[in-house]
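[1] Sequence and predicted model, in that order:
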Amino acid sequence: MRLMLILVLVIIFSIPVFGQQEVYKDVPSLLQRLSVATTDTARILLKCSLGEAYRSNNPDTSLLLSNEALSVSQKLDFKKGEIRALLVLCVLYREKGDLPYALELGLRALKMAEEEKLAYDQVYSLIRVAVVYIAVKDIPEGIMYLKKADDLLKDHYDDFQWSVVQYFMGDAYEQLNDLDAAEKKARMLEEKQGRNARWVVIYRRLEANIAVKRKDLPLAIKYYRESNEVAIGQSEFREAATTCNGMAVAFKKMGENDSAIFYAKQGLKLGQMLSYRNRILAASTLLAELYAEKDPKEAVKYYQIASAATDSLYGVRKVLKLQSSTMKEQGRMAEQEAARIAYQNKVKQWGLVGGVAVFLFIALILYRNNRQKQKTNKVLETTLANLRTTQSQLIQAEKMASLGELTAGIAHEIQNPLNFVNNFSEVNKELIEEVKSEKIKDKSERNDELEMELLGDIEKNLEKISHHGKRADAIVKGMLQHSRISSGQKEPTDINALCDEYLRLAYHGLKAKDKSFNATIEAEFDNSITKINVNPQDIGRGMLNLINNAFYAVNEKAKQNISGYEPTVTVSTTKQNGKVEIRVEDNGNGIPQRMLDKIFQPFFTTKPTGQGTGLGLSMSYDIVKAHGGEIKVETKERDYTRFIITLPV
């Protein structure tokens, strides 16, 4: 169920981020030290420590102290203090739900720590950036940053930092369903930290999450209770809110809805007390689901709370802030571009939750106003079923309609050819002036050879202007094609004829562009397949993207002049287990393993600059998903690539 998926993700958003020392419980001592500090730099570091100390129970005070420390550090050009303040603010804004700003702050701190060669602060910056990526389910990117931190610790070991890295590694493995690896990390933490209260809260909750996935719910409840009791005893209300939400989910899975409601309300109360929107969203979403049949009026109230939290967490402004912060980082770390786009798409998808909540609200109003209970239940079931079946199409429509917001992500792609156009135009202007100067001279003084040379340069520049103008035009056309919204109308379609049509269309289209292009095409169609309900325009467009890529792959391999190589593209269809399977296979160079998890991301391409915008596979993926199907890829480097589309009959 979509609501449960949202709840699990928001609980993941609530994972803790540790301070720069194990715990700052002695606030009076820190305040005393601050009052007698004799230097500005010492006061800055003490304010950062106090910011960490207040973070769990008084985030507003923590925010005030951290901003003061940041402001003074910048005035004094005290880099270490600025880094420490940025790291406190990074986790504060992440916990409050402003993920784009948290990412920007973490990346700023990481860059400064690297420039200043502060290994200790580099480790914390890597950890906090990793947690933001883990929070949006970009687990591989989060693990990459954690491994960098682990490598740094081999030369600059710190016991507490090592424990923090191991915990988040365990959390990441748990989310990837590598439960044995996650449990190993939890055991390492328990052996290292023993009964240290702060760590009991952490590793017991990790063990509880693992137990939930293993469906050992009584053990999960036991671990959650222990974590929660220690958290409350230590006044760690932030941790208690997370644990209460987890316990509520476990009780719901056990069918004990009263207990689930009790702990979800505790999680909501603590989240509202601390103004942590991700905790609020987790608890209110679960409460709305639990009350949907029991008390519709209460369900509506909690849906409204969840909707408000959703708008705050996943609004358009947050998406634009995310674009800005990650675009700045592109120049320093090229690989983060793909992570930014993946992150952006995930945030946009969760933004659709608000629309789903509106439909659920309408369904609940119908439920309340209908006097006949059985008729009301049927209306609700029908409405919810319609929501589930149309939800993937809503996501597709939103992603295509919002291309304008994604423009910043490829601005640099368009800017490059435009810069060439502008530069060569300026050069031509100067060359024309030189030609004019020669023309107005007396015949005896004119240099005809120079004139011809200048005109030749102008002609070459015009060719370059035309070339780069076409590059920009291709990028824009690709964007418009990606943003085009289909009516979504499905009709009975002969899938064999459709595949054959687009196979021939792609082949002859490429032959028209490149007379030297040649390839063997093979069509293997299952004649037992009857017409199926699809949108032929959308499916045809998706097939065309895959087939064009296949022809491109075999053509590139053919240019390598491999003895005995015959470029071949095969399109086949089969019917099995009530589904139609379409395969597009080529014997090109294959796809490198390191790129497989990125090929369906918008604007990611392996083609040289100017030969692809990276929208084709992304569009094909969206089209297949909108039809309730699946698309996957099988490949072997230097051998073949096979795309497999599965559609329901």
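    Okay, I see it. Numbers count the residues shown, from 1 in each chain.
[2] Any idea how many residues pack against residue 441?
    10 (other CB atoms under 10 Å). C-beta: built from backbone N, CA, C; applies to glycine.
[3] now do the one 4 residues further on
    Here the neighbour count serves as a burial measure; for residue 445 (other CB under 10 Å) it reads 8.
[4] for it, phi and psi?
    phi -100, psi -20 (degrees, to the nearest 10).
[5] wait, isn't residue 66 in contact with residue 49?
    No: when contacts are counted by CB atoms under 8 Å, residue 66 is not listed as touching residue 49 (10.5 Å).
[6] out of those two, which sits in the more crowded spot?
    Taking neighbours as other CB under 10 Å, residue 66 and residue 49 compare with residue 66 leading, 26 against 22.
[7] quick one: the more buried one is in a helix?
    Yes: assigned with DSSP: H, G, I helix; E, B strand; the rest coil, residue 66 falls within a helix.
[8] Now do the same contact list for it.
    Taking CB atoms under 8 Å, 6 or more residues apart in numbering as the contact definition, residue 66 lies against 47-48, 51, 85, 88-89, 92.
[9] Save these as JSON lines, and put in secondary structure too.
    Below are the contacts of residue 66 laid out as JSON lines (three-state DSSP):
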{"residue": "47", "secondary structure": "helix"}
{"residue": "48", "secondary structure": "helix"}
{"residue": "51", "secondary structure": "helix"}
{"residue": "85", "secondary structure": "helix"}
{"residue": "88", "secondary structure": "helix"}
{"residue": "89", "secondary structure": "helix"}
{"residue": "92", "secondary structure": "helix"}
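[10] Pull the most distant pair out of those residues.
    47 and 92 (13.6 Å; CB to CB).
[11] All the helices of the stretch 201-350 of the chain, residue numbers only.
    For the stretch 201-350 of the chain, the helices defined by DSSP state H, counting those that start in this stretch occupy 217-233, 237-253, 257-274, 277-294, 296-314, 316-330, 336-351.
[12] In terms of mean pLDDT, which of the ones you listed ranks lowest?
    The minimum mean pLDDT among the helices of the stretch 201-350 of the chain belongs to helix 316-330 (a mean of 46).
[13] How are the strands of this protein distributed by residue range?
    With DSSP state E, the ranges of strands along the chain come out as 491-493, 520-524, 532-534, 568-576, 579-586, 630-636, 640-648.
[14] mind checking how far residue 596 is from residue 140?
    11 Å (CB to CB, to the nearest Å).
[15] do residue 165 as well
    Counting by CB to CB, the gap from residue 165 to residue 140 is 16 Å.
[16] So the two - more neighbours on which side?
    residue 165 (24 against 14).
[17] Quickly note the distance from that one to residue 84.
    Distance from residue 165 to residue 84, by CB to CB: 19 Å.
[18] picking up where we left off before, just the contacts of residue 66 now: which is nearest residue 563?
    Using CB to CB, those come closest to residue 563 at residue 89, 61.3 Å.
[19] pretty sure the closest one contacts residue 103?
    No: applying CB under 8 Å as the test, residue 89 and residue 103 come out as separate, 11.9 Å apart.
[20] neighbour-wise, which of these two wins?
    A direct count of neighbours by other CB under 10 Å for residue 89 and residue 103 places residue 103 higher, at 28 against 24.
[21] Look up the closest residue to that one, ignoring the ones flanking it.
    If the residues on either side of it in the chain are set aside, residue 103 comes closest to residue 132, at 4.8 Å by CB to CB, 6 or more residues apart in numbering.
[22] what's the distance between that neighbour and residue 158?
    Residue 132 sits 22 Å away from residue 158, going by CB to CB.
[23] Bridged to residue 492, which residues?
    Note on residue 492: beta-bridge partners by DSSP bridges are residue 533.
[24] Settle this for me: it is touching residue 535, isn't it.
    No: using CB under 8 Å, residue 492 is not in contact with residue 535, being 11.5 Å away.
[25] and those two? which has more neighbours close in?
    Taking other CB under 10 Å, residue 492 and residue 535 do not tie; residue 535 has more neighbours (19 against 10).
[26] Excluding covalently adjacent residues, which one is nearest to that one?
    Closest to residue 535 by CB to CB, 6+ apart is residue 490, at 5.3 Å.
[27] Verify the contact between that neighbour and residue 532 for me.
    No: counting by CB under 8 Å, residue 490 does not reach residue 532; the two are 9.0 Å apart.
[28] okay, residue 209: pLDDT?
    We have a pLDDT of 90 for residue 209.
[29] That one reaches residue 249, doesn't it?
    No: under the criterion of CB under 8 Å, residue 209 makes no contact with residue 249, lying 9.7 Å away.
[30] of these two, who's got more company?
    Looking at residue 209 and residue 249 with other CB under 10 Å, you find the greater number of neighbours at residue 209, namely 27 against 24.
[31] now the helices for the stretch 51-200 of the chain?
    Under DSSP H, counting those that start in this stretch, the stretch 51-200 of the chain gives helices at 59-76, 79-95, 99-116, 119-135, 139-155, 159-175, 179-193, 197-213.
[32] could you give the angle of the second one to helix 257-274?
    When you say that, I think you mean helix 79-95. Here helix 79-95 points in a direction 140 degrees away from that of helix 257-274 (axes from the mean of the first three to the mean of the last three CA atoms, to 10 degrees).
[33] on contacts alone, who are the packing partners of helix 79-95?
    Secondary-structure packing of helix 79-95 (3 or more CB pairs under 8 Å, 6 or more residues apart in numbering; DSSP states H and E): helix 40-54, helix 59-76, helix 99-116, helix 119-135.
[34] quick check: angle from that helix to helix 119-135?
    Going by the same axes, to 10 degrees, helix 79-95 makes 20 degrees with helix 119-135.
[35] And the first one, by the same measure?
    Angular relation of helix 59-76 and helix 119-135 on a 0 to 180 degree scale: 130 degrees, by the same axes, to 10 degrees.
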